[in-house]
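J.: Have a look; sequence and predicted model below, questions after that.
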Amino acid sequence: MPATDAIDNALGSVVAEIRELGLEARLAELEALGLTVVPPEQVAAPGLAGRLRDAVLSIAAKRTGIEPDLATGDTQANIAATAGQQGETWLWRLLPEDRVFEEALMSPAALALLTSLLGYSAKLSNCSAIIKGPVDIDDEPRALNLHSDNRGIPAPFPTYAQVANVTWALSDYSLENGCVGYVPGSHLSCRQPTPQEALDDVVPVEAEAGSIIVWHGNTWHGPYPRSAPGLRISLLYYFCREYLTTQERYGNE
């Protein structure tokens, strides 16, 4: 089969999957804005997000010896310090820890939108989670460390995605809960932002727990600090094209 025919067939398959899942509007947002939020009812059966959250919290407790306080978030600083980190806690290499992470990885909605960005040959680069507790917001609440996920890739970036992110919101995403913010349309800039650039254009990504947030690897984004009590829990699946090296190794090692 000629290469152009193979590409056309692959594109047709992706479009058919998007239509079957009722994700046309989400795909349009992803293409125009560089990010989209898929609500829980389009992502997975009820209960999966809760099982993912419980698995993340259990792994955090096992690795640090400290039980996360979901209601207040008061233990988060100690958990991060025990993990050798500051502020938020980042848990890597989760996929082998619990089969529930495989279940989330295979969400049809997530895979369809991912494939629209990276194609069917996309590779999982890492499966990780972030736990964020409340902090005192100082005079610079919008110092968001804006960046794109094209770390180590020189500009100008191609307009097509080389990496992509599928994040499960395992707690409600809102500004006070420390959601991620992004600059709509920034994926078309095809470079990293400069310091303090476009902060006035950042839009908070609000999402109900159980939603997934999908974004193009070029999209400028960064996390807001959490001001509310409790924990923000996110599960990240980071993907790359087949010619890039993954951050974590999977398979027989």
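T.: Happy to help now that I have it. Numbering: from 1, shown residues only.
J.: just so I have it, where are all the helices in the stretch 151-253 of the chain?
T.: For the stretch 151-253 of the chain, no helices are identified by DSSP state H, counting those that start in this stretch.
J.: Low-confidence stretches in the stretch 51-200 of the chain?
T.: 137-143 (pLDDT under 70).
J.: what about the strands in it?
T.: 89-91, 123-132, 163-169, 180-182 (DSSP state E, counting those that start in this stretch).
J.: And residue 193, how close does it get to residue 219?
T.: Distance from residue 193 to residue 219, counting by C-beta to C-beta, to the nearest Å: 10 Å. The way it works is simple: take the backbone N, C-alpha and C, and place the C-beta from them, glycine included.
J.: quick one: which of these two has more around it?
T.: residue 219 (26 against 19; other C-beta atoms under 10 Å).
J.: which residues touch that one?
T.: The contact partners of residue 219, taken as C-beta atoms under 8 Å, 6 or more residues apart in numbering, are 34, 35, 148, 149, 182, 183, 186, 187.
J.: which residues are in contact with both of residue 193 and residue 219?
T.: 148, 183, 186.
J.: Next one: the last one from residue 99, what distance?
T.: Spelled out, that is residue 186. Taken as C-beta to C-beta, the span from residue 186 to residue 99 is 36 Å.
J.: Comparing the two, which residue is more hemmed in?
T.: Neighbours per residue, other C-beta under 10 Å: of residue 186 and residue 99, the larger number sits with residue 186, 25 against 9.
J.: quick revisit: what's the most distant pair in the contacts of residue 219?
T.: Distances among the contacts of residue 219 were taken as C-beta to C-beta; the most separated pair is 149 and 183, at 13.5 Å.
J.: Look at the two and report which has more neighbours.
T.: Neighbours per residue, other C-beta under 10 Å: of residue 149 and residue 183, the larger number sits with residue 183, 25 against 21.
J.: Number of residues surrounding the spatially closest residue to that one that is not a sequence neighbour?
T.: Counting by C-beta to C-beta, 6 or more residues apart in numbering, residue 183 lies nearest to residue 220, which is 4.4 Å off, once chain neighbours are set aside. For residue 220, the neighbour count with other C-beta under 10 Å is 27.
J.: Okay, buried residues for stretch 54-73 please.
T.: 55, 56, 57, 59, 60, 64, 66, 68, 69, 70, 73 (16 or more other C-beta atoms under 10 Å).
J.: that older thread, quick one, what contacts the residue nearest to residue 183?
T.: Residue 220 sits in contact with 146, 147, 148, 182, 183, 186, 187, 189, 192, 193, 198, where contact means C-beta under 8 Å, 6+ apart.
J.: For these, give me JSON lines that also has distance to residue 49.
T.: Output for the contacts of residue 220, formatted as JSON lines (distance: C-beta to C-beta, whole Å):
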{"residue": "146", "distance to residue 49": "27"}
{"residue": "147", "distance to residue 49": "26"}
{"residue": "148", "distance to residue 49": "27"}
{"residue": "182", "distance to residue 49": "21"}
{"residue": "183", "distance to residue 49": "27"}
{"residue": "186", "distance to residue 49": "28"}
{"residue": "187", "distance to residue 49": "27"}
{"residue": "189", "distance to residue 49": "32"}
{"residue": "192", "distance to residue 49": "32"}
{"residue": "193", "distance to residue 49": "31"}
{"residue": "198", "distance to residue 49": "31"}
